[in-house]
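Peer 1: whatever this is, show me its structure:
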Amino acid sequence: MDVDSSKTQVLDNVNSDHFDSHPVYSNDPRKLVSLINQFVTVTTKNQKLISGWVHTVDPVSESFVLVKFGMEGGTAESIILVPGYNVTNVRLHPDVASPQLKDKIDSLFQQNEAHFSKADLDRRRDALCVWLKDNRVSYSMKADNCLEVLQFATIKPPYTAQSVVCTNEVVLDKILKLLQDCPNLSSSR
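Peer 2: The predicted structure follows:
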């Protein structure tokens, strides 16, 4: 996969009226997907060689996320983001990732979710309701045990920062700070 020629094409067409000249329109998505879980060596503009297992490739920026494992292959040595603008060449190696290695790569990017019992969720919800009330923040309880806060945000079980849904960034920031400062919520688990 030679990225250099497509980048030159984009630079040549910057002043033209053709908006479809961006590489995202000419890249073959199947080719990019086929690189996932493959061992590659990426050459950068300054001729640096970076090798690793591909976790993903961004089709728009053409950036690579590579995972490099230690000598024994047990733990990840590093996770490397190679920005697409810096990539000049990608060489695919014949190494094939085993199903265990694929799972190991994927597990590096998965968030560990805490599992709460029904009683723990009830305690967390009640503690949050008390905290919101003490801080004079209006909320309402929904049928699915979600809390609607300030009519803009929803806090879903397990009532963590990751379970807040809000389109208003100002409100989201204030709710996240309240959640972070809630004393009984953090001690519940």
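Peer 1: low-confidence bits of the protein, can you list those?
Peer 2: 1-20, 72-73, 111-113, 186-189 (pLDDT under 70).
Peer 1: same thing but at 90, please
Peer 2: For the chain, applying pLDDT under 90 flags the ranges 1-32, 59-61, 69-78, 95-117, 143, 150-152, 160-162, 182-189.
Peer 1: what ranges do the helices span in it?
Peer 2: Residue ranges of the helices in the chain, as given by DSSP state H, are 4-12, 23-26, 29-34, 99-107, 118-134, 169-181, 183-187.
Peer 1: any chance of TSV for those, columns mean neighbour count?
Peer 2: Heads up, the C-betas are built off the backbone N, CA and C, glycines and all. Output for those, formatted as TSV (neighbours: other CB atoms under 10 Å):
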stretch	mean neighbour count
helix 4-12	12
helix 23-26	13
helix 29-34	12
helix 99-107	14
helix 118-134	15
helix 169-181	15
helix 183-187	13
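Peer 1: so which of the ones you listed comes closest to residue 65?
Peer 2: Each of the helices of the chain has some distance to residue 65 by CB to CB; the shortest is helix 99-107, at 9.7 Å.
Peer 1: who's in contact with stretch 140-156?
Peer 2: Identification of contacts with stretch 140-156 by CB atoms under 8 Å, 6 or more residues apart in numbering yields 121, 125, 128-129, 132, 137-139, 157, 159, 163-168, 171-172, 175, 179.
Peer 1: picking up where we left off before, out of the helices of the chain, the one nearest residue 75 is which?
Peer 2: Residue 75 sits nearest to helix 99-107 of all these, at 8.9 Å, using CB to CB.
Peer 1: give me the residues contacting the closest one.
Peer 2: Against helix 99-107 from outside (CB under 8 Å, 6+ apart): 37, 53, 55, 67, 73, 76, 97.
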